[in-house]
Structures are given as C-alpha cells and as structure tokens.
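Enquirer: Fold the following.
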Amino acid sequence: MKAKLIEGKGHRPLIRFADGRTGVPINLHFLSRQDFLSHVGRQVVIRSQLSEQHYTVLLPGHKPLP
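Expert: Residues are numbered from 1 along each chain as shown. Here you go, the predicted structure:
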C-alpha cells in the first residue's frame, strides 16, 4: 500500500492515501524541519498498520532504522 507524505495542522507529519484518508506515520525521523519539508509530497510505502490511524512507513530508497 502506498501513500504520500503531507504536512498537517501544527506542522505534523501525516500520510494521505489516494482515497483521501489520512494517517500518522509513527516511525519517520527527520533531522530538521528543512529535511522534513524536502520530503513533503513524496510517496511512502506502508510497511504495517499499528492501529486504526498509525502506520509504519518507509520512504522509497531509504533503509529502515535498526
């Protein structure tokens, strides 16, 4: 499953699915706000769903954190 990284209210990282649903990417870590902004709009790959709104995601081309 794929979604896009977006910025929600309060500068919160969110993901948006093609059908308009949003969720919270719980494992994306950015070094700075500029780093986050450079990824907004990029596609992410959903690795697993941890709860109704929380997802483990991976940016294509990035290795998961250990």
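
Enquirer: C-alpha only now, for contacts and for neighbours.
Expert: OK.

Enquirer: Can you tell me the closest non-neighbouring residue to His39?
Expert: Leu5 (7.1 Å; CA to CA, 6 or more residues apart in numbering).

Enquirer: Quick check: that neighbour is in a strand.
Expert: Yes: going by DSSP: H, G, I helix; E, B strand; the rest coil, the assignment for Leu5 places it inside a strand.

Enquirer: And for it, the neighbour number?
Expert: Each residue near Leu5 was counted by other CA atoms under 10 Å, and the total is 25.

Enquirer: Could you list everything it pairs with in the sheet?
Expert: Beta bridges link Leu5 to Ile15, judged by DSSP bridges.

Enquirer: So what's the predicted local confidence for it?
Expert: Listed pLDDT for Leu5 reads 94.

Enquirer: close enough to count as contact, Leu28 and Val57?
Expert: Yes: counting by CA atoms under 8 Å, a contact exists between Leu28 and Val57, whose distance comes to 7.2 Å.

Enquirer: what's in contact with the helix-or-strand element of the chain with minimal mean pLDDT?
Expert: When the helices and strands of the chain are compared on mean pLDDT, DSSP states H and E, helix 33-37 comes out lowest with a mean of 88. The set of residues external to helix 33-37 that reach it, using CA atoms under 8 Å, 6 or more residues apart in numbering, is Phe30.

Enquirer: how about low-confidence regions in this structure?
Expert: Applying pLDDT under 70 to the predicted model, the residue ranges of the chain that meet it are 62-66.

Enquirer: Do a quick rundown of the strands in it.
Expert: Taking DSSP state E as the criterion, the chain carries its strands at 2-7, 13-16, 22-25, 43-49, 54-58.
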